[in-house]
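S.K.: Mind looking at a prediction? Sequence and model below.
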Amino acid sequence: MCLVCGWVYDEAKGSPEHGIPPNTPWEQVPMNWTCPECGARKEDFEMVQI
């Protein structure tokens, strides 16, 4: 979950419109990837249980 805006990355869905295909584990998301909602960096995300 993005700590800046609350957007949640779902590994099953990925973020295909931003270059991350479905079923991509969070660990494989590139470090230079940014939140599609607010532009926060990957390091500004925190794991949450949904």
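M.R.: Arrived safely, thanks for sending. Since we're looking at a predicted model, the values are computed, not measured.
S.K.: which SSE is the residue nearest the centre of the chain in?
M.R.: Central residue of the chain (C-alpha atoms, centre = their mean): Tyr9, 4.0 Å from the mean position. Counting by DSSP states H and E, no helix or strand carries Tyr9.
S.K.: From what I see, it and Thr24 are in contact.
M.R.: No - counting by C-beta atoms under 8 Å, Tyr9 sits too far from Thr24 to count as a contact (9.2 Å). Quick note: C-beta positions are derived from backbone N, CA and C, even for glycine.
S.K.: Against Gly39, how distant is Ile20?
M.R.: Ile20 is 15 Å from Gly39, where distance means C-beta to C-beta, to the nearest Å.
S.K.: Among those two, which residue is more densely surrounded?
M.R.: Legend: neighbour count by other C-beta atoms under 10 Å for Ile20 and Gly39, higher for Ile20 (19 against 11).
S.K.: which residues touch that one?
M.R.: Contacts for Ile20 (C-beta atoms under 8 Å, 6 or more residues apart in numbering) come out as 14, 29, 33.
S.K.: Likewise for Trp7?
M.R.: With C-beta under 8 Å, 6+ apart, Trp7 has these contacts: 1, 35-38.
S.K.: Before I go, just wanted to say thanks for your time.
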